[in-house]
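A.B. asks: please work out how this folds:
(2 chains)
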Amino acid sequence: MASRTAAKDIITLRGSAAIVSEFFGYAANSILYNRGVYPEESFAKVKKYGLPMLLTQDEGVKSFISNLTSQLSEWLEAGKLQRVVLVIMSKATGEVLERWNFSIETDGEVVEKGVSREKSDKEIMREIQAIMRQIASSITYLPCLDEPCIFDVLAYTDKDCAVPFTWIESDPKLIANPQMVKLHSFDTKIHKVDTLVSYKNDEWDEP
Amino acid sequence: MLQEQLRKEVDFSQEQLRKQIQSFSELELKFQNEMDLRKKAESSAAKAEEKASLLEEKLSTLSESIDREKSRLQNELFQKRSESKLSVSRISADLERMECRAKNAEKESVLLREQLEELKMRLDKCMQEKYDMEKPNKSPEAPSKDSDLLVKHLQEELRHYESEVREARKIKASHEDIQLLKEKLYEEKSRRERAELDLLKLSDLQLTLKKFEDELSTWKSLIKEIPGVSSADDILPKFAALQKEVVDSMMRVGEAQARVKEIQVALDTAMLDKQNAETETAMAKEKAESHKAEIKRLELMLGLITEERDCLKNVVKELKERSNLEGGTEVVSGTIVQELEASLAKKENYVRELESSLLEKRETSSRQHNEIKLLNERLTNEARRIKMLERESDRLRSEISLLESKLGHGDFSSANTKVLRMVNTLAVDNEAKQTIEALQTELQKTKEKLQAVEELKKQSSDAGAPVDSYVAGKIKQLKEQIATLEKREERYKSVFAEKISVFRRACCELFGYKIVMDDHQRPDGIPVTRFTLHSIYALSDDEKLQFEYESGNTNIVVNEYTSQPEISRQIDIFIRKMSSIPAFTANLTVESFNKRTLS
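C.D. replies: Reported below is the predicted structural model:
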């Protein structure tokens, strides 16, 4: 996990990138589990962030997410990642139903000068735990996904960022006139991650 | 003497003067004449100049008219030329037509000549016959009548033939006319077709023109709708201005956020101030109340003291009266009275002191009241300010939420952001897995069925004989079918192989390269087709070009040969810069060929 210097509250760019990318991995797993994109039985329980978290056991999804986190970590270290979006789409029609939006603000000074910041691990974990709790509880208000779904991961990067070969340029896969719910955010003092879920307006409960 | 001499001298001088005057007047006249002449000359010069300018003007007008004439003439010449060209073409067409006609006429004349010759021959024959007939007729006179009849008959026939020939000529002429008319008809038809095509084109053009006009009008209306834009040229600056505005507004948003933060900080400090002020006022009020209580206490004390004083005064009075009554006890009572008076004075002093302290206390309490009032005013001011700030912060918060919602929606500026998608083949993999699973289950089922059938067969081996024979027949039939199909496949394969080898050889002959194609997979699992090209003029086997073909794109693969400076330079020029692989291979072929032939 995060590489830390001797003092416990010092956090480096590398450590921050590791924390954030690891968070994305767990968040993606949690979303895929809670939104029922993959069957319940393909997930196994582990303990993380002081919570029971679910991780996929499907080899394909596992390798996809591990590739994703390693790439995100690389971008985070370069300070080129602006946003990561997990898009849930209908398998049949390809219509975008949900967008899990993680906006990232990077401390430019840290990237340029390589200085470090101070924040305790415990506090960061507490903040992440709050987000994970919110993701788990989101099923109470998000519309039911009653059709087979697939997911995609989008990354908003700086314009000058080279495109890795497993990535392609894409449209932002927006939802027209969406409902939005802002979730908690966490801050490593180097990367600040704001979480927001936007989803297709369910006409059924419109007045 | 002297006088005479003087007179003489005077006369002489007078005479000389007269002469001088005369000559002067002559000279004056001359000068006048000269002046007149000069004036005349000047006027003539001016006239000449005027004339010259006039002439120049004329010249310019003339030159202009000449130019105009020239251009007109050139135009005319041009027109004449085109006309002449047209007329030449027309004349040549006429000539061709005439030639055709002449040829036809020649042909006809040849035909007619042939006919004529034939007729002549026939006539000769007839004459010969006639002659022959006449010859024997000379001796016997009797058949002369017959021969006359024959001659007449022949002459009639001849006339008949002549009329036929005339008719034939007429028919021929009419035939020619018909052909001419046909040609004309064809021409007209082609013209009509062309005209129809042109009409169709015209309608298409009109449609497109209308479309363009509509588009233009929509654009124009769009331009009109854009405020501050009068022509298409204004749009770009307008866009630039809008972009600038967007940037400005973004900056303003940033400023607003900063201000919100500042205001929040100010609000916090104001709240703190307010709390402090409130505690202060509470304390001041408490103080005031305590002061009031003290004042009351003091007033009470004062009342008590005044009462005491009055009592004492009464006592003193009583004592005085008693002293008046009891003179004997005067001395003793005098001292007591003095003591009492002294104590009274002390009391009075004490009372005064108390009164002064009371006054002081009152003053301080009034001062504190004022202070409290001031603090209260400040408090109300602060409260008002807080409300204002709260309102402002609400407004800014709503603005921020609007911007955040836009951002949350997924909007981004394409100027500094690009969106990438991780290639996700999970769904496809999943489907493939599912199909494989379905096929496996089906296979299992079929196996089970087969087993069951075999078991059944074992159980009823006798009863199954007709079934067996039927199955065997079916199998035989199917095998035969398979055999024929296999044969056909073999044939097809051989034909294809032959065709392919012919095609390859032809390609090699035509383009000078042997091409080997093979498919393979990249480490990431993406299939690629690789083409290896050997030039037929290559000096060694290492001289090979490798290309990777992937979904419509062909890229050269760097190898030992292509990384040679000369080849890599050519690759840079032809493939990288001009993006033409054929040009590169062709150039390489020519160079290899030259090397071969020179060596």
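
A.B. asks: what number of residues are in the vicinity of residue A:174?
C.D. replies: As a burial measure, residue A:174 scores 16 neighbours (other CB atoms under 10 Å in any protein chain shown). For the C-beta atoms, the positions are set from N, CA and C on the backbone; glycine is no exception.

A.B. asks: and it, how far is that from residue B:412?
C.D. replies: Distance, residue A:174 to residue B:412, using CB to CB, to the nearest Å: 10 Å.

A.B. asks: pLDDT weak spots in the chain?
C.D. replies: Using chain A. Chain A contains residues with pLDDT under 70 at A:1-8, A:203-207.

A.B. asks: correction: the question concerned chain B.
C.D. replies: For chain B, the stretches with pLDDT under 70 are B:134-144, B:227-232, B:326-333, B:408, B:460-468, B:599.

A.B. asks: run a quick neighbour tally on whatever residue of chain A ends up closest to chain B.
C.D. replies: Closest to chain B within chain A is residue A:170: 3.5 Å, counting by CB to the nearest CB. Counted with other CB under 10 Å, the neighbours of residue A:170 add up to 16.

A.B. asks: could you do residue B:8 as well?
C.D. replies: Residue B:8 has 10 neighbouring residues, counting by other CB under 10 Å.

A.B. asks: can you confirm residue B:528 is in a strand?
C.D. replies: Yes. Assessed by DSSP: H, G, I helix; E, B strand; the rest coil, residue B:528 belongs to a strand.

A.B. asks: my guess is it meets residue B:517, correct?
C.D. replies: No. Counting by CB atoms under 8 Å, residue B:528 does not reach residue B:517; the two are 11.4 Å apart.

A.B. asks: for residue A:201, helix, strand, or coil?
C.D. replies: coil.

A.B. asks: need the contact list for it.
C.D. replies: If a contact means CB atoms under 8 Å, 6 or more residues apart in numbering or on different chains, then residue A:201 has A:177-179 as its contacts.

A.B. asks: need phi/psi at it.
C.D. replies: Phi and psi for residue A:201, reported as degrees, to the nearest 10, are phi -60, psi 120.

A.B. asks: among the contacts of residue A:201, who's most crowded?
C.D. replies: residue A:178 (19 neighbours).

A.B. asks: distance of the closest residue to that residue other than its chain neighbours from residue A:184?
C.D. replies: In space, and not counting its chain neighbours, residue A:178 is closest to residue A:198: 4.0 Å by CB to CB, 6 or more residues apart in numbering or on different chains. Per CB to CB, residue A:198 is found 16 Å from residue A:184.

A.B. asks: swap in residue A:19?
C.D. replies: Counting by CB to CB - residue A:19 and residue A:184 are separated by 15 Å.

A.B. asks: and these two? which has more neighbours close in?
C.D. replies: Taking neighbours as other CB under 10 Å, residue A:19 and residue A:184 compare with residue A:19 leading, 23 against 16.

A.B. asks: which element follows the helix or strand containing the more buried one toward the C-terminus?
C.D. replies: Per DSSP states H and E, residue A:19 falls inside helix A:13-34. Next helix or strand after helix A:13-34 toward the C-terminus (DSSP H and E): strand A:43-48.

A.B. asks: so is that following strand next to chain B?
C.D. replies: No. Against chain B, strand A:43-48 shows no contacts by CB under 8 Å from any CB of the partner chain, the least distance being 15.1 Å.

A.B. asks: where do the strands of the chain begin and end?
C.D. replies: Here I'm looking at chain A. Shown for chain A, the strands assigned by DSSP state E span residues A:10-11, A:43-48, A:51-56, A:81-90, A:96-106, A:117-118, A:149-158, A:167-169, A:179-187, A:191-199.

A.B. asks: wait, I meant chain B there
C.D. replies: For chain B, applying DSSP E gives strands covering B:417-422, B:513-521, B:527-535, B:544-550, B:553-557.

A.B. asks: next, format those strands as JSON lines and append mean neighbour count and distance to residue B:205.
C.D. replies: What follows is the strands of chain B, written out as JSON lines (neighbours: other CB atoms under 10 Å in any protein chain shown; distance: least, CB to CB, whole Å):
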{"stretch": "strand B:417-422", "mean neighbour count": "18", "distance to residue B:205": "43"}
{"stretch": "strand B:513-521", "mean neighbour count": "12", "distance to residue B:205": "47"}
{"stretch": "strand B:527-535", "mean neighbour count": "16", "distance to residue B:205": "46"}
{"stretch": "strand B:544-550", "mean neighbour count": "17", "distance to residue B:205": "43"}
{"stretch": "strand B:553-557", "mean neighbour count": "13", "distance to residue B:205": "39"}
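
A.B. asks: closest to chain A out of these?
C.D. replies: Chain A lies closest to strand B:417-422 among the strands of chain B, at 3.5 Å (CB to the nearest CB).

A.B. asks: what packs against that closest one?
C.D. replies: The contact analysis (3 or more CB pairs under 8 Å, 6 or more residues apart in numbering or on different chains; DSSP states H and E) places strand B:417-422 against helix A:59-78, strand A:149-158, strand A:167-169.

A.B. asks: other residues contacting it?
C.D. replies: By CB under 8 Å, 6+ apart, strand B:417-422 touches A:64, A:67-68, A:71, A:82, A:152-159, A:161, A:163, A:166-172, B:412.

A.B. asks: 6 Å instead, please
C.D. replies: A:68, A:82, A:152-156, A:159, A:167-168, A:170, A:172 (CB atoms under 6 Å, 6 or more residues apart in numbering or on different chains).
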